[in-house]
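**Student:** Here's a sequence, model it:
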Amino acid sequence: MARPEAAVQAVQAVPSVPAFAGHTYVLTLDNGAVLRNSYSADGTTLTWKALEGPMAGHSGQERLSVRAVGEGLYFVNWVEASGMTVSHVMDLRSRTVSVYWTYATPDGGRTGELHTATLQRVAS
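**Tutor:** Presented below is the predicted three-dimensional model:
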C-alpha cells in the first residue's frame, strides 16, 4: 500500500536549525572545567576549546547529532577522534547543560562521568 505523498514529504523534511546555531557559549562545569563552544550557522558542527580545568588547552571540531526535545531544549551528541563520547542536554531557557561523557581508561575499559554546567552566550 502506497503512502500518501504528504506523509512522504513530512518524513523527508529537513530538520529545523537549532536555536544555538551560529552562537558561541561558555560552559562552566561542576568539576571546574570551562569550555568555549562555538556552533556553526547550521548547528551541525561544534568548535570547542577547554579554557580551564582538567582538559585546559585541548580543543577540537566535532560533527554533531542534534535532536530538539522541547522548546529551547536539545539533545546534542558527538564522538571525538580520541574515542571520547559526549552527550549534552542543553536547556537554553534555564541556561544549563546536563553533560555525560565516556572515555577509555588506562586498563582498556571505559568509564563515564555525569556533570552539570551553566551556559552563557558570549557571541552570536
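
**Student:** nearest residue to the spatially most central residue of the chain other than its sequence neighbours?
**Tutor:** Centroid-nearest residue in the chain: Val76, 3.8 Å away (criterion: CA atoms, centre = their mean). Spatial nearest neighbour of Val76, chain neighbours left out: His88 (4.4 Å); criterion: CB to CB, 6 or more residues apart in numbering. For glycine as for every other residue, the C-beta is placed from the backbone atoms N, C-alpha and C.

**Student:** Is the one you found bridged to anything, and to what?
**Tutor:** Beta-bridge partners for His88, by DSSP bridges, are Val76, Val99.

**Student:** Distance check, it against Thr116.
**Tutor:** Per CB to CB, to the nearest Å, His88 is found 11 Å from Thr116.

**Student:** Which one's more surrounded, the two?
**Tutor:** Counted by other CB atoms under 10 Å, His88 and Thr116 do not tie: His88 has more neighbours, with 24 against 13.

**Student:** Hmm, the more buried one is touching Arg67, no?
**Tutor:** No - using CB atoms under 8 Å, His88 is not in contact with Arg67; the gap is 11.2 Å.

**Student:** Please enumerate the shared neighbours of these two.
**Tutor:** Tyr74, Phe75 (CB atoms under 8 Å, 6 or more residues apart in numbering).

**Student:** surely Leu35 meets Lys49?
**Tutor:** Yes - judged on CB under 8 Å, Leu35 makes contact with Lys49 at a distance of 7.0 Å.

**Student:** Are there residues contacting both of His88 and Thr116? Which ones?
**Tutor:** Taking CB under 8 Å, 6+ apart as the contact rule, His88 and Thr116 both touch Val97, Ser98, Val99.
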